[in-house]
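Sequence and predicted structure below; questions after.
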Amino acid sequence: MKGGYLFTEIVNRTKAYQAEHPDTRILRLGVGDVTRPLPAPIVEAMHRAVDELSHSDTFHGYGLENGYPWLRQAIIDNDYAPRGINLSLDEVFISDGAGSDLGNLSELFDTRNMVAIAEPSYPAYEDTSLMAGRSIVFLPCTAEHDFVPELPSVPVDIIYLCYPNNPLGVVLTREQLTRWVRYAQTNHSIIIFDAAYEAFIQSPDIPHSIYEIEGAKEVAIEVRSFSKTAGFTGVRCGYTVVPKQTGLQSMWLRRQCTKYNGTSYISQRGALATYTPEGKAAIRANIASYHATAQVLLQGLRALGYTVYGGVHAPYIWCRVPAGYTSWSFFNHLLNTCQIVCTPGVGFGASGEGYVRFSAFSRREDCEEALIRMKGL
């Protein structure tokens, strides 16, 4: 494993620069943390939940390890049923966030299982696989192939896919996703599908869930989050769908009952409020704001002569660095010359070398200011 976690290294370098230049305003376009506050309907729901916990007759202690039924049912009714996907309550598991589940799911599998990771990718896929002692096959996603990974050339047991993709900002078509489901069926593989950014999809032709593909419930686990849509990065709540057809549903329940005491009642009440009419409207406003900021970055960087990708179905811009730079040297150049923080592409894997990621989870005025500063480069 690498000596340090990518985003910790970014924070440390940024802090060091800020300490040397305390009066400098740094524009942080690197880490994917949200900038819009929690929507009012969610805050109100959480306040009511806190009030309930302050009275003995409405107090809630330990909840179910897989989450309260009312939230799981709301997830089924709003996120899956409208797309023709039938799920049962015991196939939906509430957690403290997608990041936790993406790591913890590894415990269901034998350490001898071979893992395939489409690269560049969210670092946790690789790190948790290495922590478990597994071998990894990397599937490079390059501009020459429109950032679409090729199917593994050797049989693999576990496949990590993230769409809309972090860090690339690209998506898979229905036909492309179908190829992966058929591969998994043929090779008896399990796909761990990270759909944390599905709310950013703009086209009706792009699948929001892997379960829109016939047969996917036999071979796929889907992980989602309230962080990027509803501002839950500090609240912590997400969910994972483990269909019974995978043969893993009862194992995951057993694991959660042993190692997890359930997501907080307050967080789950807040998550439930995202499915009210007012909550849905607030989330649409959040997504629209981040999408507009992504367009500012996308068009602005292109106007400055950079080659960029993503930014349409996801809040991330994947930008090729100028000739003569590596990912980290361009990161340092932007920080020291323009006081801009991005994310070095190589931090997402070897295939990310030569790129940096810009995040639209930023204030629009900061993005506009960043583009002005970069004109002088």
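Everything's here; your move.

Please count neighbours and contacts with C-alpha atoms only from this point.
Fine.

which strands and helices sit next to the host helix or strand of Ile159?
Following DSSP states H and E, one finds Ile159 within strand 158-162. Applying 3 or more CA pairs under 8 Å, 6 or more residues apart in numbering; DSSP states H and E, one finds that strand 158-162 contacts strand 115-119, strand 190-194.

The same query, at a cut-off of 10 Å, please.
strand 115-119, helix 123-131, strand 136-140, helix 174-187, strand 190-194, strand 220-225 (3 or more CA pairs under 10 Å, 6 or more residues apart in numbering; DSSP states H and E).

how far out from the middle of the chain is the longest one?
Going by CA atoms, centre = their mean, to the nearest Å, the spacing between the C-alpha centre of helix 174-187 and its chain's C-alpha centre is 21 Å.

Just want the angle from it to strand 220-225.
130 degrees (axes from the mean of the first three to the mean of the last three CA atoms, to 10 degrees).

tell me which residues of helix 174-187 are tucked away?
Within helix 174-187, the residues that qualify as buried by neighbour count (16 or more other CA atoms under 10 Å) are Leu177, Thr178, Trp180, Val181, Arg182, Tyr183, Ala184, Gln185.

The protein - how does it break down into domains?
6-30+279-374, 42-276 (automatic domain parsing).

TSV for those domains, including mean pLDDT and distance to Arg36?
Putting the domains of the chain into TSV (pLDDT from 0 to 100; distance: least, CA to CA, whole Å) gives the following:
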stretch	mean pLDDT	distance to Arg36
domain 6-30+279-374	95	7
domain 42-276	96	7
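
now the most centrally placed residue in the chain: how far from Tyr239?
Centroid-nearest residue in the chain: Ala196, 4.1 Å away (criterion: CA atoms, centre = their mean). Counting by CA to CA, to the nearest Å, the separation of Ala196 from Tyr239 is 10 Å.

what touches both of the two?
Common neighbours of Ala196 and Tyr239 are listed as Gly97, Ala98, Glu222, Val223, Arg224, Ser225, Phe226 (criterion: CA atoms under 10 Å, 6 or more residues apart in numbering).

Need the max-distance pair from those residues.
For the shared contacts of Ala196 and Tyr239, the maximum inter-member distance is 13.8 Å, found between Glu222 and Phe226 (CA to CA).

sorry, back to before: of the helices and strands packed on strand 158-162, which is nearest Arg373?
helix 123-131 (29.5 Å).

got the CA coordinates for that closest one in PDB?
Backbone C-alpha positions of helix 123-131 (Å, rounded to 0.1, in the frame of the first residue of the first chain) are rendered in PDB as follows:
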ATOM      1  CA  PRO A 123      -8.700   4.800  -3.600                       C
ATOM      2  CA  ALA A 124     -10.700   2.800  -1.100                       C
ATOM      3  CA  TYR A 125     -11.300   0.000  -3.600                       C
ATOM      4  CA  GLU A 126      -7.600  -0.700  -3.900                       C
ATOM      5  CA  ASP A 127      -6.700   0.000  -0.300                       C
ATOM      6  CA  THR A 128      -9.300  -2.300   1.200                       C
ATOM      7  CA  SER A 129      -8.500  -5.100  -1.200                       C
ATOM      8  CA  LEU A 130      -4.800  -4.800  -0.300                       C
ATOM      9  CA  MET A 131      -5.700  -4.700   3.400                       C
END
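
Tell me how far stretch 345-361 lies from the chain's centre.
On CA atoms, centre = their mean, the centre of stretch 345-361 falls 15 Å from that of its chain.

in it, what's buried?
Neighbour-count burial for stretch 345-361 [16+ other CA under 10 Å]: 345-349, 351-361.

And stretch 27-45, by the same measure?
Those would be 27-34, 36, 38-39, 41-43, 45, for stretch 27-45 by 16+ other CA under 10 Å.

can you pull out the strands in this structure?
Remark: strands assigned in the chain by DSSP state E are 27-28, 92-95, 115-119, 136-140, 158-162, 190-194, 220-225, 238-241, 308-310, 316-320, 340-341, 343-344, 355-359.

want to throw these into TSV with distance to Leu130?
Shown next, in TSV, are the strands of the chain (distance: least, CA to CA, whole Å):
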stretch	distance to Leu130
strand 27-28	30
strand 92-95	23
strand 115-119	10
strand 136-140	8
strand 158-162	13
strand 190-194	16
strand 220-225	20
strand 238-241	22
strand 308-310	29
strand 316-320	26
strand 340-341	28
strand 343-344	21
strand 355-359	24
